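Enquirer: what follows is a predicted structure for the sequence shown.
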Amino acid sequence: MAALLAVGAAGAVGKVAAVGAAAYGAKKAAGGAGREMKETFVMSEKTKKKIGKVQDKQAEIDARVQRDHEIRRAALDEKHAKIRAKHGMPGGSVSGDGTEGARGEVKSGYMQKRGRLNTGLKKRWFTLTRDGKLSYFKAPGEQPLGVVEVKGATTNVSDHGSHGELVVKTPGRTYTLQGLMGHCLQWQKAIDPLT
(Lines give C-alpha, C1' and ligand atoms only; values in the text may rest on other atoms or scores of the structure.)
Protein backbone atom coordinates (compact mmCIF):
# COMPACT_ATOMS: atom_id res chain seq x y z
CA MET A 1 0.00 0.00 0.00
CA ALA A 2 2.88 2.37 0.79
CA ALA A 3 4.34 1.62 -2.63
CA LEU A 4 0.99 2.43 -4.24
CA LEU A 5 0.77 5.79 -2.45
CA ALA A 6 4.37 6.67 -3.25
CA VAL A 7 3.92 5.88 -6.92
CA GLY A 8 0.56 7.73 -6.97
CA ALA A 9 2.16 10.81 -5.44
CA ALA A 10 4.78 10.78 -8.14
CA GLY A 11 2.00 10.88 -10.74
CA ALA A 12 3.04 7.80 -12.68
CA VAL A 13 -0.32 6.44 -13.73
CA GLY A 14 1.13 3.46 -15.59
CA LYS A 15 3.12 2.42 -12.55
CA VAL A 16 0.01 2.76 -10.35
CA ALA A 17 -1.86 0.40 -12.62
CA ALA A 18 1.05 -2.05 -12.57
CA VAL A 19 1.32 -1.91 -8.78
CA GLY A 20 -2.48 -2.27 -8.48
CA ALA A 21 -2.45 -5.29 -10.79
CA ALA A 22 0.43 -6.80 -8.82
CA ALA A 23 -1.46 -6.26 -5.54
CA TYR A 24 -4.56 -7.84 -7.05
CA GLY A 25 -2.53 -10.82 -8.30
CA ALA A 26 -0.94 -11.25 -4.86
CA LYS A 27 -4.35 -11.09 -3.17
CA LYS A 28 -5.81 -13.63 -5.58
CA ALA A 29 -2.82 -15.96 -5.10
CA ALA A 30 -3.23 -15.64 -1.32
CA GLY A 31 -6.71 -17.15 -1.46
CA GLY A 32 -8.98 -14.22 -2.26
CA ALA A 33 -10.23 -15.82 -5.47
CA GLY A 34 -13.91 -15.43 -4.67
CA ARG A 35 -13.66 -11.85 -3.40
CA GLU A 36 -13.70 -8.76 -5.54
CA MET A 37 -11.06 -6.12 -5.06
CA LYS A 38 -12.67 -2.78 -4.31
CA GLU A 39 -11.01 0.36 -5.56
CA THR A 40 -11.28 3.55 -3.61
CA PHE A 41 -10.68 7.02 -4.92
CA VAL A 42 -9.77 9.69 -2.42
CA MET A 43 -10.30 13.20 -3.69
CA SER A 44 -8.28 16.02 -2.22
CA GLU A 45 -10.02 19.07 -0.77
CA LYS A 46 -8.45 21.22 -3.49
CA THR A 47 -9.95 18.98 -6.20
CA LYS A 48 -13.35 19.02 -4.47
CA LYS A 49 -13.30 22.82 -4.41
CA LYS A 50 -12.37 22.97 -8.11
CA ILE A 51 -15.20 20.60 -9.02
CA GLY A 52 -17.61 22.63 -6.88
CA LYS A 53 -16.56 25.84 -8.62
CA VAL A 54 -17.01 24.27 -12.05
CA GLN A 55 -20.47 22.97 -11.11
CA ASP A 56 -21.47 26.39 -9.73
CA LYS A 57 -20.22 28.09 -12.88
CA GLN A 58 -22.16 25.64 -15.07
CA ALA A 59 -25.33 26.24 -13.02
CA GLU A 60 -24.89 30.02 -13.48
CA ILE A 61 -24.44 29.59 -17.23
CA ASP A 62 -27.49 27.32 -17.49
CA ALA A 63 -29.63 29.79 -15.53
CA ARG A 64 -28.42 32.71 -17.66
CA VAL A 65 -29.13 30.84 -20.91
CA GLN A 66 -32.60 29.87 -19.69
CA ARG A 67 -33.36 33.45 -18.60
CA ASP A 68 -32.13 34.87 -21.93
CA HIS A 69 -34.17 32.30 -23.84
CA GLU A 70 -37.34 33.19 -21.93
CA ILE A 71 -36.76 36.92 -22.52
CA ARG A 72 -36.25 36.37 -26.26
CA ARG A 73 -39.30 34.08 -26.41
CA ALA A 74 -41.48 36.66 -24.63
CA ALA A 75 -40.33 39.39 -27.02
CA LEU A 76 -41.04 37.13 -30.00
CA ASP A 77 -44.49 36.22 -28.63
CA GLU A 78 -45.26 39.92 -28.24
CA LYS A 79 -44.09 40.63 -31.79
CA HIS A 80 -46.25 37.79 -33.17
CA ALA A 81 -49.27 39.02 -31.21
CA LYS A 82 -48.87 42.49 -32.75
CA ILE A 83 -48.60 41.00 -36.25
CA ARG A 84 -51.69 38.85 -35.69
CA ALA A 85 -53.62 41.85 -34.36
CA LYS A 86 -52.51 44.06 -37.28
CA HIS A 87 -53.62 41.54 -39.90
CA GLY A 88 -56.71 40.30 -38.06
CA MET A 89 -55.33 36.79 -37.71
CA PRO A 90 -56.59 34.44 -35.02
CA GLY A 91 -54.18 33.69 -32.27
CA GLY A 92 -55.79 34.44 -28.98
CA SER A 93 -53.84 35.27 -25.90
CA VAL A 94 -50.16 34.51 -26.00
CA SER A 95 -49.74 35.20 -22.31
CA GLY A 96 -52.38 32.71 -21.18
CA ASP A 97 -54.06 35.32 -19.01
CA GLY A 98 -57.52 34.08 -19.92
CA THR A 99 -58.44 36.90 -22.31
CA GLU A 100 -60.09 35.57 -25.42
CA GLY A 101 -58.97 36.09 -28.95
CA ALA A 102 -60.68 35.37 -32.24
CA ARG A 103 -63.21 32.50 -32.44
CA GLY A 104 -63.31 32.04 -28.65
CA GLU A 105 -59.65 31.05 -28.40
CA VAL A 106 -58.37 31.22 -24.85
CA LYS A 107 -54.74 30.42 -25.70
CA SER A 108 -52.66 29.47 -28.70
CA GLY A 109 -49.02 28.86 -29.46
CA TYR A 110 -46.37 26.34 -30.39
CA MET A 111 -45.51 23.33 -28.24
CA GLN A 112 -43.88 20.00 -29.01
CA LYS A 113 -46.17 16.97 -28.96
CA ARG A 114 -45.14 13.37 -28.43
CA GLY A 115 -46.86 11.02 -30.88
CA ARG A 116 -48.79 7.90 -29.95
CA LEU A 117 -46.96 5.50 -32.29
CA ASN A 118 -43.95 7.61 -33.30
CA THR A 119 -42.90 8.75 -29.84
CA GLY A 120 -40.62 11.48 -31.17
CA LEU A 121 -41.47 15.11 -30.46
CA LYS A 122 -43.01 17.20 -33.24
CA LYS A 123 -43.57 20.94 -33.21
CA ARG A 124 -47.30 21.71 -33.37
CA TRP A 125 -49.46 24.83 -33.20
CA PHE A 126 -52.06 24.47 -30.44
CA THR A 127 -55.27 26.40 -29.85
CA LEU A 128 -57.47 26.10 -26.80
CA THR A 129 -61.06 27.29 -27.13
CA ARG A 130 -63.49 28.18 -24.36
CA ASP A 131 -65.63 25.15 -25.23
CA GLY A 132 -62.81 22.89 -23.95
CA LYS A 133 -61.26 21.82 -27.24
CA LEU A 134 -57.47 21.71 -27.55
CA SER A 135 -56.72 21.48 -31.27
CA TYR A 136 -53.29 20.98 -32.79
CA PHE A 137 -52.07 21.84 -36.27
CA LYS A 138 -48.90 21.55 -38.31
CA ALA A 139 -48.98 25.36 -38.65
CA PRO A 140 -51.47 28.16 -37.86
CA GLY A 141 -54.36 28.39 -40.33
CA GLU A 142 -54.13 24.76 -41.49
CA GLN A 143 -56.61 21.95 -40.92
CA PRO A 144 -56.34 20.43 -37.42
CA LEU A 145 -54.38 17.20 -37.10
CA GLY A 146 -56.34 16.34 -33.98
CA VAL A 147 -58.64 17.67 -31.28
CA VAL A 148 -58.38 16.88 -27.58
CA GLU A 149 -61.52 17.23 -25.47
CA VAL A 150 -60.20 18.58 -22.15
CA LYS A 151 -63.48 18.16 -20.23
CA GLY A 152 -62.80 15.52 -17.60
CA ALA A 153 -59.06 15.61 -18.27
CA THR A 154 -56.33 16.08 -15.69
CA THR A 155 -53.13 18.05 -16.22
CA ASN A 156 -49.71 17.73 -14.68
CA VAL A 157 -46.56 19.79 -15.27
CA SER A 158 -43.10 18.47 -14.48
CA ASP A 159 -39.68 20.07 -14.76
CA HIS A 160 -37.12 18.41 -17.03
CA GLY A 161 -34.15 20.75 -16.68
CA SER A 162 -34.15 23.06 -19.69
CA HIS A 163 -37.81 22.42 -20.52
CA GLY A 164 -41.11 21.53 -18.94
CA GLU A 165 -43.51 18.73 -19.75
CA LEU A 166 -47.28 19.10 -19.69
CA VAL A 167 -49.23 15.84 -19.48
CA VAL A 168 -52.95 15.99 -20.36
CA LYS A 169 -54.72 12.78 -19.34
CA THR A 170 -58.12 12.24 -20.95
CA PRO A 171 -60.27 9.13 -20.47
CA GLY A 172 -59.17 7.86 -23.90
CA ARG A 173 -55.52 8.90 -24.15
CA THR A 174 -52.61 10.65 -22.47
CA TYR A 175 -51.03 13.55 -24.38
CA THR A 176 -47.48 14.68 -23.63
CA LEU A 177 -46.49 18.22 -24.60
CA GLN A 178 -43.13 19.89 -24.07
CA GLY A 179 -41.94 23.48 -24.07
CA LEU A 180 -40.37 26.02 -21.78
CA MET A 181 -41.40 25.51 -18.17
CA GLY A 182 -43.20 28.88 -18.11
CA HIS A 183 -45.20 28.01 -21.23
CA CYS A 184 -46.23 24.64 -19.79
CA LEU A 185 -47.49 26.35 -16.63
CA GLN A 186 -49.41 28.92 -18.73
CA TRP A 187 -51.05 26.16 -20.72
CA GLN A 188 -51.98 24.29 -17.53
CA LYS A 189 -53.45 27.50 -16.08
CA ALA A 190 -55.54 27.95 -19.24
CA ILE A 191 -56.68 24.30 -19.49
CA ASP A 192 -57.56 23.61 -15.82
CA PRO A 193 -60.66 25.88 -15.62
CA LEU A 194 -62.11 24.08 -18.68
CA THR A 195 -61.75 20.54 -17.28
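Expert: In hand now; what should we look at?

Enquirer: now do the contacts for Gly115.
Expert: Counting by CB atoms under 8 Å, 6 or more residues apart in numbering, Gly115 makes contact with Lys122. Placement of C-beta: from N, CA and C, glycine included.

Enquirer: please report how far it lies from Leu177.
Expert: Using CB to CB, to the nearest Å, Gly115 is found at 12 Å from Leu177.

Enquirer: quick one: the strands in the chain, in order.
Expert: Using DSSP state E, the strands of the chain run over 105-114, 121-129, 133-137, 146-149, 154-160, 163-169, 174-179.

Enquirer: the first one pairs with which strands, and in what direction?
Expert: It refers to strand 105-114. Looking at strand 105-114 with DSSP bridges, its partner strands are strand 121-129 (antiparallel), strand 174-179 (antiparallel).

Enquirer: let me have those strands in JSON lines, extended by distance to Lys79 and mean neighbour count.
Expert: Listed next are the strands paired with strand 105-114 as JSON lines, based on distance: least, CB to CB, whole Å; neighbours: other CB atoms under 10 Å:
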{"stretch": "strand 121-129", "distance to Lys79": "16", "mean neighbour count": "18"}
{"stretch": "strand 174-179", "distance to Lys79": "18", "mean neighbour count": "19"}
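
Enquirer: any chance of the ones you listed in TSV, with mean pLDDT and distance to Ile71 too?
Expert: Formatted as TSV, those follow (pLDDT from 0 to 100; distance: least, CB to CB, whole Å):
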stretch	mean pLDDT	distance to Ile71
strand 121-129	92	21
strand 174-179	90	16
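
Enquirer: can you list those strands in a markdown table and add distance to Val106?
Expert: Below are those laid out as a markdown table (distance: least, CB to CB, whole Å):
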| stretch | distance to Val106 |
| --- | --- |
| strand 121-129 | 5 |
| strand 174-179 | 16 |
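
Enquirer: what is the end-to-end distance of stretch 130-150?
Expert: 10 Å (CA to CA, to the nearest Å).

Enquirer: now swap in stretch 123-136 and tell me
Expert: Stretch 123-136 has an end-to-end distance of 10 Å (criterion: CA to CA).
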